[in-house]
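Mind looking at a prediction? Sequence and model below.
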Amino acid sequence: MAIQWFPGHMHLTQKAIGERIKEIDVVIELLDARLPGSSANPMLSALTEGKPTLKVLNKQDLADPVRTPLWLDHYNSLPGTRAIGLDASMTAPARALIDACHLLAPTRGSMVKPMRVLICGIPNVGKSTLINTLTGKRAAKTGDEAGVTKIEQRIVLADGFYLFDTPGMLWPRIIVAKSGYNLAASGAIGRNAFNEEEVALELLDYLIAHYPDLLRARYKVELELGMSDEQLLEEIGRKRGAVLAKGRINLQKAAEIVIYEFRQAVLGRVTLETPQEFALWLEAGQRLDAERQVKKDEVELKRLTRLRKVPRAAKPDRRGE
């Protein structure tokens, strides 16, 4: 089942960014270093097209240290783009944002020509925590649930350096199915918009293939050859005491354990996609979306054709009345 989540305030955020971007010098997009492709908002790319962009791979301390450089190289190869890794709780790396913005817009940053920076990203990617680190105070609300920030905030980081914080925003339709699951696993999607068991199974399926040693170490399980994600989830539930009457496994509880321990990096440092993997997922998603659009257009054409064929009812002759 495809995962989608686009509450009303995100539509308002889209409009606000469209209006604000005209006076912005640099755009900072925060990405989740554990899913740098899935957490990049394609709608933001369209809204901020032509503006120098700083891609910040946040939460890199939770991500696979081998895979993060691959993503940094990928984004640094794009025109008009710089990319850095960051742990938002660390003051020194956070200050590097200001220097990176000056490199992207070297003529801005004085009181006469202030630097105007828009910071944006998906929900729960760590923007508010980063802003509080930069300012040294609680300038923005933080939380471990998607959708905490609801309004735009203007923050003065230094003389001649203004930061505009926007609420986290996804996009109206997620065409990459794997991205939907990864976003849900990371906490970027509201909890009522997905099934925890389904997300946990997708997560385990990837971890079995790419991080089996972490699974063995954390859950003390033997990953037998050919073990499925369903079997592993049941075994994790059994090991963690998520057992119902007559020995049945509480799969909901087991799924919550897996998702929570991924989010908190208790499982270990994990990145759920490489640039090559995401490119393949995106290509497949775009192909399926194009096919869906063709079918939709065909249905609409048939509907219009039927309407044209239906004769209009003759109006009654009222001349003799």
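It's in.

Show the contacting residues for the spatially most central residue of the chain.
Using C-alpha atoms, centre = their mean, the residue of the chain that lies closest to the mean C-alpha position is residue 39, 3.0 Å off. By C-beta atoms under 8 Å, 6 or more residues apart in numbering, the contact set of residue 39 is 31, 32, 121, 122, 125, 183, 186, 188. In short, each C-beta sits where N, CA and C put it, glycine included.

which residue ranges form the helices in the stretch 151-300 of the chain?
Here the stretch 151-300 of the chain has its helices, by DSSP state H, counting those that start in this stretch, at 177-186, 196-210, 212-219, 229-239, 251-263, 275-309.

Let me know the secondary structure of the residue nearest to the centre of the chain.
Here residue 39 is recorded as coil under DSSP: H, G, I helix; E, B strand; the rest coil.

and the gap between it and residue 57?
9 Å (C-beta to C-beta, to the nearest Å).

Overlap of the contact sets of these two?
Shared contacts of residue 39 and residue 57 (C-beta under 8 Å, 6+ apart): 31, 32.

Got phi/psi on residue 83?
For residue 83, the backbone dihedrals (degrees, to the nearest 10) come out as phi -140, psi 140.

That should have said residue 111, apologies.
Backbone torsions for residue 111, taken as degrees, to the nearest 10, come to phi -70, psi -30.

again with residue 26
Dihedral angles (degrees, to the nearest 10) for residue 26: phi -140, psi 140.

what pLDDT does it get?
If you check residue 26, the pLDDT there is 95.

Residue 140 too?
Reported pLDDT for residue 140: 49.

follow-up on the earlier one: would you turn the contacts of residue 39 into a markdown table with neighbour count, distance to residue 259 and pLDDT?
Below are the contacts of residue 39 laid out as a markdown table (neighbours: other C-beta atoms under 10 Å; distance: C-beta to C-beta, whole Å; pLDDT from 0 to 100):
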| residue | neighbour count | distance to residue 259 | pLDDT |
| --- | --- | --- | --- |
| 31 | 27 | 20 | 96 |
| 32 | 28 | 14 | 96 |
| 121 | 27 | 21 | 90 |
| 122 | 27 | 17 | 89 |
| 125 | 27 | 17 | 91 |
| 183 | 28 | 12 | 95 |
| 186 | 26 | 9 | 95 |
| 188 | 24 | 12 | 91 |
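
Which member of these is positioned nearest residue 293?
Of all the contacts of residue 39, residue 183 has the smallest distance to residue 293: 22.6 Å, by C-beta to C-beta.

tell me the contacts of the closest one?
3, 35, 38, 39, 122, 170, 174, 189.

go again using 10 Å as the cut-off
3, 5, 32, 35, 38-39, 122-124, 146, 170, 174, 176, 189, 193-194, 199, 272 (C-beta atoms under 10 Å, 6 or more residues apart in numbering).

Relative to residue 295, how far out is residue 303?
Counting by C-beta to C-beta, the gap from residue 303 to residue 295 is 13 Å.

Find residues that contact each of these two.
With C-beta under 10 Å, 6+ apart, residue 303 and residue 295 have no common neighbours.

about what we covered before: make JSON lines out of the helices of the stretch 151-300 of the chain and add distance to residue 106.
Output for the helices of the stretch 151-300 of the chain, formatted as JSON lines (distance: least, C-beta to C-beta, whole Å):
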{"stretch": "helix 177-186", "distance to residue 106": "34"}
{"stretch": "helix 196-210", "distance to residue 106": "41"}
{"stretch": "helix 212-219", "distance to residue 106": "43"}
{"stretch": "helix 229-239", "distance to residue 106": "50"}
{"stretch": "helix 251-263", "distance to residue 106": "38"}
{"stretch": "helix 275-309", "distance to residue 106": "29"}
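
Of all these, which one is nearest residue 108?
Per C-beta to C-beta, nearest to residue 108 of these: helix 275-309, 30.6 Å.

What is that closest one packed up against?
The contact analysis (3 or more C-beta pairs under 10 Å, 6 or more residues apart in numbering; DSSP states H and E) places helix 275-309 against helix 68-76, helix 177-186.

wait, which of those helices is closest to residue 243?
So among the helices and strands packed on helix 275-309, helix 177-186 is nearest, using C-beta to C-beta, at 24.0 Å.

on that earlier part again, kindly reformat the helices and strands packed on helix 275-309 as a markdown table containing distance to residue 233.
As requested, the helices and strands packed on helix 275-309 are exported to a markdown table (distance: least, C-beta to C-beta, whole Å):
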| stretch | distance to residue 233 |
| --- | --- |
| helix 68-76 | 28 |
| helix 177-186 | 14 |
